[in-house]
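Asks: Curious how this folds, go ahead:
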Amino acid sequence: MELADRTIGLLLTVTSLSIFTYYTFWVIILPLVDTDHFVHKYFLPQEYAILIPVFVGMALICLLSMFTGYVMLKSKKKKA
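Replies: All right, here's what the predicted structure looks like:
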């Protein structure tokens, strides 16, 4: 089980570092590169750099709110 946990941890670390590197390059470095450079074809338009994190954040807040409400309702039923 320990090996599986370490593998999952490594996979999560590599994934998060890849996403961080991609997003950092997309938001900070890409605006400084000429628009006709070939590297622009690997990235979405700049508008999505704001829209994607906003939608992901809203979804996360909604899921956390639903989970909190579910736990509160469940604990209220146990007391009664």
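Asks: low pLDDT regions in the chain?
Replies: Regions of the chain meeting the criterion pLDDT under 70 cover residues 79-80.
Asks: just the helices in it please.
Replies: 2-24, 48-79 (DSSP state H).
Asks: Now find how far off-centre the last one is within its chain.
Replies: Average the C-alpha atoms of helix 48-79, do the same for its chain, and the two points are 15 Å apart (CA atoms, centre = their mean, to the nearest Å).
Asks: what distance separates stretch 10-29 from the centre of its chain?
Replies: Centre to centre, stretch against its chain (CA atoms, centre = their mean), the figure for stretch 10-29 is 10 Å.
Asks: what's in contact with it?
Replies: Phe43, Leu44, Ala49 (CB atoms under 8 Å, 6 or more residues apart in numbering). The C-beta positions use only the backbone N, C-alpha and C, and glycine is treated the same way.
Asks: Please produce a ChimeraX select command covering the buried subset of those residues.
Replies: The buried subset of these, as determined by 16 or more other CB atoms under 10 Å, is captured in ChimeraX by this line:
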select :43
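Asks: will you turn the contacts of stretch 10-29 into JSON lines that also has distance to Leu11?
Replies: As requested, those are arranged in JSON lines below (distance: CB to CB, whole Å):
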{"residue": "Phe43", "distance to Leu11": "24"}
{"residue": "Leu44", "distance to Leu11": "24"}
{"residue": "Ala49", "distance to Leu11": "25"}
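Asks: can you tell me which of the contacts of stretch 10-29 lies nearest to Val56?
Replies: Ala49 (12.1 Å; CB to CB).
Asks: Please give me every residue in contact with the closest one.
Replies: Going by CB under 8 Å, 6+ apart, the list of residues near Ala49 reads Tyr23, Trp26, Val27.
Asks: Phi first, then psi, for Asp36.
Replies: Phi and psi for Asp36, reported as degrees, to the nearest 10, are phi -90, psi 10.
Asks: Could you number the chain from 44 rather than 1 from now on?
Replies: Fine by me, first position is 44 from now on; the one you just mentioned is Asp79.
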